[in-house]
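Participant: sequence and predicted structure are below.
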Amino acid sequence: MTTETAIAETPRIKRDGFFGQAANYLDERTSISGVVKEFGRKIFPDHWSFLLGEVALYSFIVILLTGTFLTFFFQASMAEVVYNGAWVPLKGIQMSAALDSTLHISFDIRGGLLMRQIHHWAALLFVASIGLHMLRIFFTGAFRKPRELNWVIGFTLFVLAMAEGFTGYSLPDDLLSGNGLRIISGMIEGIPLVGTWINFLLFGGAYPGTAIVGRLYTLHILLLPAFVLAFIALHLVFVVVHKHTQFAGAGRTQQNVVGYPILPVYAGKAGGFFFIVFGVIVLMASLFTINPVWEYGPYDPSPISAGTQPDWYIGFADGMLRLMPPHLETYWFHRTWSWFIIIPLVILVVFIVLVAIYPFIEAWVTGDKREHHILDRPRNAATRTAIGAAGVTFYAAMWAAASGDLIATHFKFSIEGVTHTIQTALIVGPIIAYFVTKRVCIALQKKDRAIALHGYESGRIVRLPGGEFIEVHQPVDEYQRWELVSNEGYAPLVVRPDSRGRITAGTRFRAAMSRWFFEDRLAPLTQTEIEAAQHHGHGDAPAVEGGSH
Amino acid sequence: MAKLNQPTTSGRSTSRKRKTGRRSPLATFALIAIGLGLTGGVYAAANATPSASADTASSTQQQVSDGEHLFQANCASCHGMNAVGTAAAPSLIGVGAAAVDFQVGTGRMPMAMDGPQAEEKTPQFTDAQTKELAAYVASLAPGPAIPDAQYLTGNTDAAAGAQLFRINCAMCHNVAGAGGALTEGKFAPPLKGVTPAHIYEAMLTGPQNMPVFNDRNITPEQKSDIISYLTYLEKNPSPGGFALGDLGPVAEGLFLWIFGLGSIVGLAVWITAKSN
Amino acid sequence: MAQDDSGSSELAETSSTAVEHPVEDHRLGDPGTAIVVADAPVNPGFPAHRPRLTDTDPKQNRRAERTVFTLFYLSIAGSVWAIAAYLAFPIESGNLADVRTSTLFIGLGMVLALLGIGIGAVHWAKQLMNDHEGIDIRHGVAGSEETRERAIEIFEEANEESGFGRRTLIRNSLIGALVAFPLPAVVLFRGLAPQNVDPIKELKHTMWAKGTRLTKDPTGLPILASDVTIGSVFHVIPDGLNDREDALEQKATAAVLLMRLRPEDLHVSPARKDWNYHGIVAYSKICTHVGCPVALYEQQTHHLLCPCHQSQFDITHEARVIFGPAGRPLPQLPITVDDQGYLVAQSDFHEPVGPSFWERNS
């Protein structure tokens, strides 16, 4: 298939130089040459969207670096102290040591505020890049066999990242985060049966207590990072085991990976990208304030600020709470049923679980047990793309609801109007998004097919001898055509009796799902069709094709 | 010298009965009568406050009569001749010079159109004319006066002010004074660029749906502290850099997605693009 | 990683179309409902390699080289700048403008240092490093048939040698022991909260009691009924709260909002006839939704708005919910005046304040 070339001919390392001796020393004690041989020339395909996961990884490294710096100064204690620092509007005010030390880091340690802001911006970027990475995986079908488990691992990382973010957001014990904790506490209390006790144990007694910051700190810097690191390691091991997916392209098959070797090109690009991501984060941190805790002041259960919101990644949950209609509480069997908590929690859990198990659902519907290493173009998996668009719309509605008050003030709407609109959008939006996306995808498939068979519309109008006007079509070359036609399709499942002559409910359900997925479809093109179209075009003027398709 | 704490402002009829339009004049009169009876009877003694004392003394007879002319030409169509109120707008008897100075001085009055609330705009009257109007309204009945300059210096205890601000103001105006949403399209305006006198007057008179913070609730010294806090915020831009409107996590999240992630994706496209 | 084809990465030759013939899709496994077309379109193989300007034009090549090392030198300059900025802009004066300057200049130095390395390295990789794409061959993720056979065999041997399947008593008792051994660790976590406190009882009471004066937050000064004029709102805490060791915990349940309305605007139910004092009403400030302070009082509409989730309560109708996710009205604190004219509580709240909880029975 390929010809033996480069590696065999690359000059061997000189064994007598200093580096040669050092390498030899190391290898004789670690067997490191095996690792280099194994990974040194491993191929990674090149596409911008394949770098999104790296953004997440790199921002996590930035978080670890700056976070470690912050731990040297931060005091995770709720002991009351009197502030006496540079921010005049808090001078002489009682606050917890946590906030006091946060202000100390910000105003009394050179570069401390910069580190805080890098840490926080990197945290926002960490979760955002995971989200975008997941969207890329979803819409290109990269979660298909053999990568289903890696999707679940990545999904777990997303949840862990949100937990990391929320625990960190709460540590300074300022007014904004304190009210965030109050909301969490209120939500937990509303959980049937166990809520009261979980809340009591979490806060170590009555809310807010004096324990929570210390406990969140343990989670934030010990437990959760350990889990994140472990899952990242696992995630990357699987990336190596599976090798990276690639988009369809000339010469690319299910059996190969085409791209650049780790050494040197990929190391240059990916290594350089780490510094670029780091640089962009530091640029944001040096120019833009984030989380000005000095403005929020110490937590106190009585005051609150207008526009109290969580960081963006918790917004969807907060928004779901906001969208509940009034009076959803009942008193049954001498117990209080807080539906305004239970319903949002159930919706969120169902949504999240559906995201987590989607690869298994699709695998079950298609029944496809083959490995998939060539990515789908989103348009070629119309139903999946439409489902994704519906999910994104649903998430976006919840997310928008979390900033309903700001939308109202900035666009001069009423809060009530915004809330009612988003309530409608939450239900209608995904449905519209589903159908529109599906139709758009199928239309794009048809366009691709037309281009593959008949070429591009060149915009050049020609009058034929008979008086007819036609547009000249410019044919695509065979490499471009391959990208347009190399997709495969699925047919809806036909219900057939099993070996015992029965049709089970499961089969019927699967067939229904399969029809839903694949009813509207274009059958994949065949080589014969392509060749026929080409011959048809080769007649008179080169690649002239009447617009009759 | 009693200060009568009448519900002061024009926003009442518009916001409460926005949809149906107008309150019957009778109701307005009844409310005034009841309000006067209550407040006058119960609080006459208790509410004698320094801010009300300078009421008519500082304004000349000339100002009052000039103010009356201005009033009849510009305000009487809604507030009625002699400021007793009409179906369109409340009575101004007893609202005091502070309320007039705030409403007219910030351009909220005369009202441009019937919205959820009277909005700030370029004042229609000069400072002198505003003072004349205020003097006229103050001459009708005692009410909160324009605050003394000693409370408006902006260099008193900002820490005490910040604490009071968090407890009494931040829930509507946001901890950094960036403003916030109220019900039915109303909003608490941002406090950046508002003069100390207007802030003081707003606290004292409770314009539109803002509650009244009388001098027994927040003393003049405390009001002065609150002004000092806001002055401090204006004089000290955020040490962390551009503040993104002081709108908190939503602005930060939006910025991160659009500019942060946007530029990183742009760079990723560059990294993986084929070089020519 | 036995399936990894170590060392088989090969760089395609400059002009080669490495795949001369379409590779048959010989993936293992059932294709399910996938349409497997016998006459599938043919993969045309790799296009010819297109050399870069830097490959063909030595001048461009030298220019790219210059750009890369200039960027690396710039990065060094950035690091030096950041250190210089650290030293040059002290913040110890307590002036916040200094903090701003220090943050900005240290930061920008670091940005230069980081982007210099990053952009330089990428430029190097893109323009100067060999840009021939390589190919790795994939193998099925599953181990080879032989490996799998052997793995099964090992398990069978281990089972045979240990008797794990055979000696059921040993096996089952071991499973039981393994299930039981983490339980003490779970029980230990009961210690997260104090032992002899019943959270349910705690949630049902606040600091308010008969005769407790209403005082201003944060000063703790008592409030005369006559202080509360129409349109006013007072943020209230119980007398003596500031002196308590657990002030924040008490405040989290006892915070109250005090408002005066015209008595005729209040729609008072018979049971609460005496709970207001001449139109002065006190309501819990803790939202019945999830506990944010419901502190936005509109003095003309008499609506209370929670800034967290936009629940709205109508004070004229005993704080009933008129909008937003809250489930029930804010609890009302019955108040009156003492013999000195100060506002006092008649009793504690008659129902638990704050968010709902499972055991809340009212």
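Facilitator: Right, received. Where do you want to start?

Participant: can you tell me which residues in the stretch 1-150 of chain B are near chain A?
Facilitator: Residues of the stretch 1-150 of chain B that fall close to chain A, judged by Cβ under 8 Å from any Cβ of the partner chain: B:Pro116. Using the backbone N, CA and C atoms, a C-beta is placed for each residue, glycine as well.

Participant: show me where the stretch 1-150 of chain B has strands.
Facilitator: All residues of the stretch 1-150 of chain B lie outside strands when identified by DSSP state E, counting those that start in this stretch.

Participant: all helices for it, in order.
Facilitator: Along the stretch 1-150 of chain B, counting by DSSP state H, counting those that start in this stretch, helices occupy B:11-16, B:25-43, B:50-53, B:61-74, B:76-79, B:96-105, B:127-140.

Participant: for the fifth one, packing partners?
Facilitator: On a contact count with 3 or more Cβ pairs under 8 Å, 6 or more residues apart in numbering or on different chains; DSSP states H and E, helix B:76-79 meets no helix or strand.

Participant: for that helix, which positions count as buried?
Facilitator: By 16 or more other Cβ atoms under 10 Å in any protein chain shown, the buried positions in helix B:76-79 come out as B:Ala76, B:Cys78, B:His79.

Participant: so C:Asp325 is in which element?
Facilitator: For residue C:325 the amino acid is Pro, not Asp. Counting by DSSP states H and E, no helix or strand carries C:Pro325.

Participant: which non-adjacent residue is nearest it?
Facilitator: In this structure, C:Pro325 finds its nearest non-sequential neighbour in A:Met324, 3.7 Å apart by Cβ to Cβ, 6 or more residues apart in numbering or on different chains.

Participant: neighbouring strands - and their directions - for the lengthiest strand in chain A?
Facilitator: Using DSSP state E, we find that the single longest strand of chain A is strand A:456-463. If you go by DSSP bridges, strand A:456-463 pairs up with strand A:469-474 (antiparallel).

Participant: quick one: mean pLDDT for the partner strand?
Facilitator: Average pLDDT, strand A:469-474: 85.

Participant: where's it relative to the chain centroid, distance-wise?
Facilitator: The chain centroid and the centroid of strand A:469-474 are separated by 43 Å, computed with Cα atoms, centre = their mean, to the nearest Å.

Participant: that strand: which residues count as buried?
Facilitator: Neighbour counts over strand A:469-474 (16+ other Cβ under 10 Å) mark A:Ile470, A:Val472, A:His473 as buried.

Participant: ditto for stretch C:56-71
Facilitator: Quick answer for stretch C:56-71 (16+ other Cβ under 10 Å): C:Asn61, C:Ala64, C:Thr67, C:Val68, C:Leu71.

Participant: could you dump that stretch to PDB, C-alpha only?
Facilitator: Output of stretch C:56-71 as PDB, limited to C-alpha atoms (Å, rounded to 0.1, in the frame of the first residue of the first chain):
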ATOM      1  CA  THR C  56      10.700  25.900  -3.700                       C
ATOM      2  CA  ASP C  57      12.000  29.400  -2.900                       C
ATOM      3  CA  PRO C  58      15.100  29.600  -0.800                       C
ATOM      4  CA  LYS C  59      14.400  33.200  -0.100                       C
ATOM      5  CA  GLN C  60      11.100  32.400   1.400                       C
ATOM      6  CA  ASN C  61      12.700  29.600   3.400                       C
ATOM      7  CA  ARG C  62      15.200  32.000   4.900                       C
ATOM      8  CA  ARG C  63      12.500  34.500   5.600                       C
ATOM      9  CA  ALA C  64      10.400  31.900   7.500                       C
ATOM     10  CA  GLU C  65      13.500  30.900   9.400                       C
ATOM     11  CA  ARG C  66      14.100  34.600  10.400                       C
ATOM     12  CA  THR C  67      10.500  35.000  11.400                       C
ATOM     13  CA  VAL C  68      10.700  31.900  13.700                       C
ATOM     14  CA  PHE C  69      13.800  32.900  15.500                       C
ATOM     15  CA  THR C  70      12.600  36.500  15.800                       C
ATOM     16  CA  LEU C  71       9.500  35.300  17.500                       C
END
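
Participant: check whether that stretch contacts chain B.
Facilitator: No: Stretch C:56-71 lies out of reach of chain B by Cβ under 8 Å from any Cβ, never closer than 9.1 Å.

Participant: let me see the mean pLDDT of that stretch.
Facilitator: Mean predicted confidence for stretch C:56-71 is 95.

Participant: do the same with stretch A:486-495
Facilitator: Across stretch A:486-495, pLDDT averages out at 87.

Participant: tell me how far the ends of it are from each other?
Facilitator: Stretch A:486-495 has an end-to-end distance of 28 Å (Cα to Cα, to the nearest Å).

Participant: for the stretch 51-200 of chain C, which segments count as strands?
Facilitator: C:134-137.

Participant: so which bits of it are right by chain B?
Facilitator: Within the stretch 51-200 of chain C, the positions near chain B by Cβ under 8 Å from any Cβ are C:52-54, C:96-97, C:99-100, C:103-104, C:122, C:126-127, C:131.

Participant: helices of the stretch 151-300 of chain C, start to end?
Facilitator: Counting by DSSP H, counting those that start in this stretch, the helices of the stretch 151-300 of chain C are C:168-180, C:183-188, C:199-203, C:247-254.

Participant: how about the longest one: buried residues?
Facilitator: Right, the one you point to is helix C:168-180. Within helix C:168-180, no residue is scored as buried using 16+ other Cβ under 10 Å.

Participant: which secondary structure elements does it contact?
Facilitator: For helix C:168-180, there is no helix or strand it packs on, judged by 3+ Cβ pairs under 8 Å, 6+ apart.

Participant: what's the distance between the most centrally placed residue in chain B and A:Tyr434?
Facilitator: In chain B, the centroid-proximal residue (Cα atoms, centre = their mean) is B:Ala202; its distance is 3.7 Å. Using Cβ to Cβ, to the nearest Å, B:Ala202 is found at 50 Å from A:Tyr434.

Participant: cool, and C:Ile35?
Facilitator: For C:Ile35, the distance to A:Tyr434 - Cβ to Cβ - is 24 Å.

Participant: could you do A:Val36 as well?
Facilitator: 49 Å.

Participant: list the buried residues in whichever helix or strand B:Lys223 is part of.
Facilitator: Secondary structure assignment for B:Lys223, by DSSP H and E: helix B:220-235. Buried residues in helix B:220-235, defined by neighbour count with 16+ other Cβ under 10 Å: B:220, B:222-233.

Participant: the helix or strand that that helix is followed by near chain C anywhere?
Facilitator: Next along the chain after helix B:220-235, taking DSSP H and E as the criterion, comes helix B:249-255. No: using Cβ under 8 Å from any Cβ, helix B:249-255 never reaches chain C; the gap is at least 12.7 Å.

Participant: and helix B:249-255, anywhere near chain A?
Facilitator: Yes: counting by Cβ under 8 Å from any Cβ, chain A has neighbours in helix B:249-255: B:Pro249, B:Val250, B:Glu252, B:Gly253, B:Leu254, B:Phe255.

Participant: using PDB, write out every CA atom in that helix.
Facilitator: Output in PDB follows, covering the C-alpha atoms of helix B:249-255 (Å, rounded to 0.1, in the frame of the first residue of the first chain):
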ATOM      1  CA  PRO B 249     -20.800  36.100  35.200                       C
ATOM      2  CA  VAL B 250     -23.200  36.500  32.200                       C
ATOM      3  CA  ALA B 251     -21.000  39.200  30.600                       C
ATOM      4  CA  GLU B 252     -17.900  37.100  31.400                       C
ATOM      5  CA  GLY B 253     -19.400  34.000  29.900                       C
ATOM      6  CA  LEU B 254     -20.500  35.800  26.800                       C
ATOM      7  CA  PHE B 255     -17.100  37.400  26.400                       C
END
